[in-house]
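# task: produce atomic coordinates for the following.
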Amino acid sequence: MPLKPSQILTLLNKKRADFETFDKAALQALERYRTALQQASQESTDDLMERLNLFVANDRGAEPLEICEHCPNWVIPSGLVWQSREQSHQWVRDRLTGVATFAVDGSQIYPGKDLSIPVALVQIGWFENFHTSDGQYEKDIEVDVMTPNDLKVSSSGEPVDRAVNMRRFQMETQRLVRYMHDRANRPNCLAFLDGSLIVTFAEAFDEETRQLYTNCVVQLLQASEKYRVPLVSYIDTSYARDLTLMLQRLYRLPEVDSIHDAPLLWKLMQWGDRTPLFRCRRPGILTHYPAGISNHIAFTYLKTHDGPPVRLEIPTWIYDANLHEKIIDWVRCEVIIGGGYPYVIETADQTAVLKTDDRQMFYRLLQEWAEEQNLNLRLSRKMVSKVRPTVKEVLSFEF
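Predicted coordinates:
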């Protein structure tokens with residue numbers, strides 16, 4: 001039966017006080033942190049570091065990297081205001097023409113009950129936009145079929161989704177590493193990672209799984225610095241609390257799990273504004289990174305739409321090389337082209353996505369191949385009804 005709106009509304013009205021109490025407490029805590037943010041932005045970097053050094057390096061959340069002592073609330077105004085969309089696009093052309101931007105994304109078909117043998121498909125897609133007058137670009141895909149051995153299962157009843165997710169992440173990061181290798185020492189290119197360089201989610205996993213994720217990111221960071229290809233990690237909706245933890249340490253504030261960096265800065269920023277760069281000192285997962293890597297990740301918050309600012313993470317070598325302003329402008333350009341989200345990431349996602357027709361084609365190919373190889377692979381009756389046309393029929397229709 002469908003939900004009954006009357007019952008839901010009755011319960012919400014009954015528990016209204018709980019929501020009011022939570023909202024009031026969260027708002028009061030947020031104001032305390034915003035006051036601390038304003039105070040910290042007025043202090044010198046040396047004074048802040050002197051107090052932060054009283055805490056263990058990987059237990060202070062963040063520390064100032066980019067010196068900016070005249071930025072109220074740690075907001076650097078962009079001053080970017082245009083009278084028309086054409087003006088903004090001209091600004092983009094002035095900065096992005098001849099600059100190649102690259103992104104990769106992935107999709108997957110998980111093993112399911114429709115197959116008698118556990119098998120999965122992982123696909124990554126990438127997009128490189130050269131931003132030339134002739135509209136040159138490159139777009140392609142790469143796939144991998146995961147067997148029972150790859151999935152590390154002995155029967156189709158065991159959980160295997162994690163292995164598929166790991167393989168997808170591995171393929172995405174390996175493709176980024178290959179891109180940086182191929183574009184080594186070229187000054188006008190930028191690689192995007194759709195996600196964080198700080199894989200906190202992996203803390204919940206076993207050692208082997210955690211190691212795979214951290215190794216992938218470490219290889220990315222090492223490749224970016226070795227080949228001198230800028231890398232930007234783009235997190236559209238961030239729940240990071242690095243600045244929040246730093247303020248808590250500096251001003252002995254109460255810990256409030258509901259306060260995150262992005263909402264803390266939200267109402268203080270206009271489109272295009274950003275914070276100074278901070279060195280990430282998050283506790284937990286960074287202790288599993290090599291010593292020479294764990295403290296080489298910087299972040300900033302950038303206002304790109306009406307919601308909270310997005311989080312950008314970059315290797316610190318970009319700041320050391322004084323390339324950060326140019327790179328952040330390139331990110332702004334991609335956001336303008338994409339209407340609020342980087343066009344290159346959005347296109348990579350569209351390239352990689354596996355649709356229903358792709359899933360059915362995969363099962364048709366798998367079924368016919370198994371029959372030719374005399375393998376005991378069975379499809380459920382439900383799936384058989386969906387993939388009834390043979391592969392030969394499909395191919396003859398397409399061509």
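# give me the residue at the spatial middle of this protein.
Gly195 (1.3 Å; C-alpha atoms, centre = their mean).
# hey, which helix or strand in this structure has the poorest pLDDT?
In the chain, no helix or strand scores lower on mean pLDDT, DSSP states H and E than helix 391-398, which sits at a mean of 36.
# re the thing from before, I'd say the residue nearest to the centre of the chain and Leu231 touch.
No - using C-beta atoms under 8 Å, Gly195 is not in contact with Leu231; the gap is 12.0 Å. In short, each C-beta sits where N, CA and C put it, glycine included.
# what is in contact with these two at once?
By C-beta atoms under 8 Å, 6 or more residues apart in numbering, Gly195 and Leu231 have no common neighbours.
# doesn't Ser196 make contact with Leu220?
No - Leu220 is beyond contact range of Ser196, at 11.3 Å (criterion: C-beta under 8 Å).
# what helices or strands is whatever helix or strand Gln28 lives in leaning on?
If you go by DSSP states H and E, Gln28 is part of helix 16-41. Applying 3 or more C-beta pairs under 8 Å, 6 or more residues apart in numbering; DSSP states H and E, one finds that helix 16-41 makes contact with helix 242-251, helix 261-266.
# which parts of the chain belong to which domain?
If you go by automatic domain parsing, the domain ranges for the chain are 75-240+268-352, 356-398.
# do you know which of those domains lies nearest Leu27?
domain 75-240+268-352 (15.6 Å; C-beta to C-beta).
# off-centre distance for that closest one?
Its chain's C-alpha centre and that of domain 75-240+268-352 lie 6 Å apart, by C-alpha atoms, centre = their mean, to the nearest Å.
# and the end-to-end length of it?
36 Å (C-alpha to C-alpha, to the nearest Å).
# strands of the stretch 101-250 of the chain, residue ranges please.
120-129, 137-146, 189-194, 231-235 (DSSP state E, counting those that start in this stretch).
# picking that back up, which of the domains of the chain has the lowest mean pLDDT?
Among the domains of the chain, domain 356-398 carries the lowest mean pLDDT, a mean of 61.
# picking up where we left off before, now render the helices and strands packed on helix 16-41 as JSON lines, adding distance to Pro77.
Shown next, in JSON lines, are the helices and strands packed on helix 16-41 (distance: least, C-beta to C-beta, whole Å):
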{"stretch": "helix 242-251", "distance to Pro77": "18"}
{"stretch": "helix 261-266", "distance to Pro77": "13"}
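# can you redo these as JSON lines with mean neighbour count?
As requested, these are exported to JSON lines (neighbours: other C-beta atoms under 10 Å):
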{"stretch": "helix 242-251", "mean neighbour count": "22"}
{"stretch": "helix 261-266", "mean neighbour count": "22"}
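# out of those, nearest to Phe299?
Once the helices and strands packed on helix 16-41 are compared by C-beta to C-beta, helix 242-251 is nearest, at 6.8 Å.
# run the chain-centre distance for that closest one.
That offset, for helix 242-251, works out to 23 Å (C-alpha atoms, centre = their mean).
# packing partners of that helix?
helix 16-41, helix 45-52, strand 61-64, helix 261-266, strand 278-281.
# Asp182 is nearest to which of those?
strand 278-281 (28.2 Å).
# that closest one pairs with which strands, parallel or anti?
Next to strand 278-281 in the sheet, as set by DSSP bridges, lie strand 61-64 (antiparallel), strand 297-302 (antiparallel).
# and the helix or strand following it, what's buried?
Using DSSP H and E, the helix or strand that follows strand 278-281 towards the C-terminus is helix 291-294. Of the residues in helix 291-294, Ile293, Ser294 count as buried by neighbour count, 16 or more other C-beta atoms under 10 Å.
# which other helices and strands contact helix 291-294?
helix 207-227.
# alpha carbons of the helix it packs on, as PDB, please.
Provided in PDB are the C-alpha atoms of helix 207-227 (Å, rounded to 0.1, in the frame of the first residue of the first chain):
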ATOM      1  CA  GLU A 207      43.300  -3.600   6.200                       C
ATOM      2  CA  GLU A 208      43.600  -5.100   2.700                       C
ATOM      3  CA  THR A 209      40.700  -3.000   1.400                       C
ATOM      4  CA  ARG A 210      41.900   0.200   3.200                       C
ATOM      5  CA  GLN A 211      45.300  -0.300   1.700                       C
ATOM      6  CA  LEU A 212      44.000  -0.600  -1.900                       C
ATOM      7  CA  TYR A 213      42.200   2.700  -1.600                       C
ATOM      8  CA  THR A 214      45.100   4.600   0.000                       C
ATOM      9  CA  ASN A 215      47.500   3.100  -2.500                       C
ATOM     10  CA  CYS A 216      45.400   4.300  -5.400                       C
ATOM     11  CA  VAL A 217      45.300   7.900  -4.100                       C
ATOM     12  CA  VAL A 218      49.000   7.900  -3.200                       C
ATOM     13  CA  GLN A 219      49.900   6.800  -6.700                       C
ATOM     14  CA  LEU A 220      47.700   9.700  -8.000                       C
ATOM     15  CA  LEU A 221      49.500  12.200  -5.800                       C
ATOM     16  CA  GLN A 222      52.900  10.900  -6.700                       C
ATOM     17  CA  ALA A 223      52.100  10.900 -10.400                       C
ATOM     18  CA  SER A 224      50.800  14.500 -10.300                       C
ATOM     19  CA  GLU A 225      54.000  15.700  -8.700                       C
ATOM     20  CA  LYS A 226      56.400  13.500 -10.800                       C
ATOM     21  CA  TYR A 227      54.800  14.500 -14.200                       C
END
